[in-house]
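Peer 1: Pasting the sequence and the predicted model now:
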Amino acid sequence: MSVALEPAQHPDEEAIGLTLASLGIQRDANKPHGRHRLLQGLAEATLPASLADAHAQCHAIAADIEDALDDWIPLPNALPVQVEDIVFLDRPEGLPVVAVQVALTIRYRR
């Protein structure tokens, strides 16, 4: 299996794509007067829909992401990454891919 980080890096339509995005930082509503923040992110993997086991691979990738993030503390004064939501998409917007999106939250103190 090969994984590409950006479409420009792989002309091969059979490659698996991986996108990591920071969606924003906001104050922790549970601690509105403190310096606590929530960083929200998204990990998205796309696989060609033509693969016979594309959906099963999406589930395996979601599990791999969760396993990789267990007990990982990405920032000083942060708690481990929390997986908030996992969504599986079949040919989103008519694209010839299946995808898995893993929404993440990192709680930290500034």
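Peer 2: Ah, there it is. Numbering: from 1, shown residues only.
Peer 1: Report back the residue of the protein that's furthest from centre.
Peer 2: residue 33 (29.6 Å; C-alpha atoms, centre = their mean).
Peer 1: partner residues bridging residue 20?
Peer 2: Beta bridges link residue 20 to residue 43 when assigned by DSSP bridges.
Peer 1: Kindly report the same for residue 47.
Peer 2: Residues in beta-bridge contact with residue 47 (DSSP bridges): residue 98.
Peer 1: Please name the residues that touch it.
Peer 2: Residue 47 is in contact with 16, 17, 54, 57, 58, 61, 97, 98, 99, counting by C-beta atoms under 8 Å, 6 or more residues apart in numbering. No exception for glycine: its C-beta is placed from N, CA and C like everyone else's.
Peer 1: Any idea which residue is closest to the centre of the chain?
Peer 2: Note: the chain centre (C-alpha atoms, centre = their mean) maps to residue 43, 1.4 Å.
Peer 1: any idea how far that one is from residue 68?
Peer 2: 9 Å (C-beta to C-beta, to the nearest Å).
Peer 1: same deal with residue 98?
Peer 2: Taking C-beta to C-beta, one finds residue 98 at 20 Å from residue 68.
Peer 1: These two: which is more packed in?
Peer 2: A direct count of neighbours by other C-beta atoms under 10 Å for residue 98 and residue 68 places residue 98 higher, at 21 against 10.
Peer 1: quick one, helices of the protein?
Peer 2: In the chain, the segments counted as helices under DSSP state H are 54-69.
Peer 1: can you list the weak-confidence ranges in this structure?
Peer 2: Scanning the chain for pLDDT under 70 picks out 1-13.
Peer 1: at 90 instead, please
Peer 2: Applying pLDDT under 90 to the chain flags residues 1-20, 27-36, 51-52, 69-77, 91-97, 109-110.
Peer 1: count of residues packed around residue 100?
Peer 2: By other C-beta under 10 Å, 22 other residues sit near residue 100.
Peer 1: Please consider this matter closed, and thank you.
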